[in-house]
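[1] structural data only, the sequence is not supplied:
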């Protein structure tokens, strides 16, 4: 299967589900070191973004709070970022965050509306999760799962489970693809834009399982 070589965009992180036609939105397992308080993430440089940082600031009842900060120097990206729920801006500096459950079984976003699975590490291609949030219905589907180390990440080759998300409702963004690994968590994100271009960010946790 084709893989994208390793670098992608800002961590817009995610949302929940409902409906008997979709898989259960719960996640068991043991707490991942990636979600421990104090863990930081290195984020690869991408055109239009600088001074990107991410850190786990709290862990309560198995749910990690992650804070993201970045300077957005590209006007198109800055306009898109205005649609990130809860984001604050000082000039072109964005601060945002999310609540995420991370275990040895997978990753799940936690929202007021409910939970949305990002990935389960025992997933099968075709597994799908949905969230109705406001006027938008977000859909996440597992589109690929490595059987060998075929994704270049940092200085190594790793296996990934790739999840495609549509329906987020950000003007200018057609879809988002998340690349995940059972040891390192979320390792890369690819944003496909409606103008036919894409941006990709590599994410490197300083803790791992």
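    Sure thing, it's come through. Just so it is clear, the model here is predicted, and its values are computed rather than measured. Numbers count the residues shown, from 1 in each chain.
[2] for the protein, just list every one of the helices.
    Using DSSP state H, the helices of the chain run over residues 75-81.
[3] give me the low-pLDDT residue ranges for it?
    Residues of the chain meeting the criterion pLDDT under 70: 1-24.
[4] cutoff 80 now
    Applying pLDDT under 80 to the chain flags residues 1-25, 45, 85, 111-113, 133-134, 169-170, 209.
[5] show me what contacts the residue nearest to residue 103 when sequence neighbours are not counted?
    Of all residues not flanking residue 103 in the chain, residue 29 sits nearest, at 3.3 Å (CB to CB, 6 or more residues apart in numbering). Yep, even glycine has a C-beta here, placed from its N, CA and C like the rest. Taking CB atoms under 8 Å, 6 or more residues apart in numbering, we find residue 29 in contact with 103-106.
[6] select from the residues you listed the one having the most neighbours.
    Most neighbours among the contacts of residue 29, by other CB atoms under 10 Å: residue 106, with 22 neighbours.
[7] from residue 108, how far off is the residue nearest to that residue when sequence neighbours are not counted?
    Nearest in space to residue 106, with sequence neighbours left out and distances taken as CB to CB, 6+ apart, is residue 120 at 4.0 Å. In this view, residue 120 and residue 108 are 9 Å apart by CB to CB, to the nearest Å.
[8] anything in contact with each of the two?
    Residues touching both residue 120 and residue 108 (CB under 8 Å, 6+ apart): residue 27.
[9] next, count neighbours for the closest residue to residue 107 other than its chain neighbours.
    Spatially, and ignoring its direct neighbours in sequence, residue 107 is nearest to residue 118 (4.2 Å; CB to CB, 6+ apart). As a burial measure, residue 118 scores 24 neighbours (other CB under 10 Å).
[10] so which of the contacts of residue 29 is the closest to residue 174?
    Closest approach to residue 174 among those (CB to CB): residue 106, at 25.3 Å.
[11] okay, and the beta partners of that closest one?
    Note on residue 106: beta-bridge partners by DSSP bridges are residue 103, residue 120.
[12] please apply the same query to residue 130.
    Beta-bridge partners recorded for residue 130 (DSSP bridges): residue 139.
[13] next, count neighbours for it.
    Using other CB under 10 Å, the number of residues around residue 130 comes to 22.
[14] cool, the one 10 residues further on as well?
    Close neighbours of residue 140, defined as other CB under 10 Å, add up to 27.
[15] what's near enough to touch it?
    Taking CB under 8 Å, 6+ apart, one finds 14, 116-118, 128-130, 163-165, 178 in contact with residue 140.
[16] at 6 Å instead, please
    Contacts for residue 140 (CB atoms under 6 Å, 6 or more residues apart in numbering) come out as 129, 163, 165.
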